[in-house]
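Q: Sequence and predicted structure are below.
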Amino acid sequence: MALVWSLVGLIVGPFLAHAIRRLPGREGLRVMPVCGVCGETLPFRAFSSLLASILGSRGGCGLCGAGPDGQGVAVELVTAAAFGGLFLRYGATPMLLLTSFYTSILIVVLFIDWRHRLILNRVTYPGLVLALILTPAVAPVTPGMTLLGAAFGGLVFGLVFEVGLLVYRKPAIALGDVKLAALVGAMAGYPAVLTALLLGTFAGAVASVALLATRRGSRHDYMPYGPALCVGTYLSFFINLLGA
């Protein structure tokens, strides 16, 4: 059954990859895929980058010859693996549907922020509204604790933002990270938001150390924090989500 839910992730993955490609440029979520190099409309079978890769030349662009989107393949595989892990944690329960939906939002945020250093309001704002409704409706947490989780996440990261301005004369994190922290708090509720934020901070620290150790970055470089917070939130689903 975990493999079956992973296949569901493979089906959802192309739609997430499509949103990741289109949303940063404020483009409409048109159904037909387009070539990322020349903009040529591709056959519908190319909607799934993984399927296009398996098809080989038939899955690429017939005009410029560009191959399938590598990022799309990564998104689809990550979604499948993430969904499979959630099934092992929650089984066939409403919590599986809730956490899979939240994971889909986190994957979109992660890849967009990693590539474009953007956390889009058109993702976080609707996600926050939905989380404030869905979390208390499905999970064992009250609407008040859900709202408290959102407020706590936004407040903690808002303080980090303000301290960065005072100490470094520039933001230590972006305002998008503050909004994402509020979204995470609404997904997790209080006190599980503490676990999500701590794991996100730990993931960010590990990524920073790895970049410094491999000399792919310096301590003066900016690293988008959104991906680390997304990873930490997903990991919190397995540890202390909503007190479950």
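A: Received, thanks.
Q: Once you drop chain neighbours, what's closest to A82?
A: In space, not counting the residues next to it along the chain, A82 is nearest to T103; the distance is 5.1 Å by Cβ to Cβ, 6 or more residues apart in numbering. Every residue, glycine included, has its C-beta placed from N, CA and C.
Q: hang on, that neighbour in a strand?
A: No - remark: T103 does not belong to a strand; assigned using DSSP: H, G, I helix; E, B strand; the rest coil, it is helix.
Q: quick one: it from G144, how far?
A: When distance is defined by Cβ to Cβ, to the nearest Å, T103 is 25 Å away from G144.
Q: go on, A174?
A: When A174 is compared with G144 (using Cβ to Cβ), they lie 29 Å apart.
Q: Which one's more surrounded, these two?
A: Neighbour count, other Cβ atoms under 10 Å: between A174 and G144, A174 has more, with 20 against 11.
Q: Quick one: list the elements packing against the least confident helix or strand in the chain by mean pLDDT.
A: Of all helical and strand segments in the chain, the minimum by mean pLDDT, DSSP states H and E falls on helix 49-55, at a mean of 74. Judged by 3 or more Cβ pairs under 8 Å, 6 or more residues apart in numbering; DSSP states H and E, helix 49-55 is in contact with helix 2-22, helix 70-90.
Q: Could you tell me which ranges of the chain sit under the pLDDT cut-off?
A: By pLDDT under 70, the low-scoring segments of the chain are 26-47, 55-68, 172, 215-223, 240-244.
Q: So which residues of it form strands?
A: Here the chain has no strands by DSSP state E.
Q: Break it into its domains for me.
A: Residue ranges of the domains in the chain are recorded as 1-92, 123-244, according to automatic domain parsing.
Q: Residues touching stretch 108-125, excluding its own?
A: Residues from elsewhere that reach stretch 108-125, judged by Cβ atoms under 8 Å, 6 or more residues apart in numbering: 16, 19-20, 23-24, 71, 74-75, 105, 174, 176-177, 179-180, 182-183, 222, 224, 226-227, 230-231.
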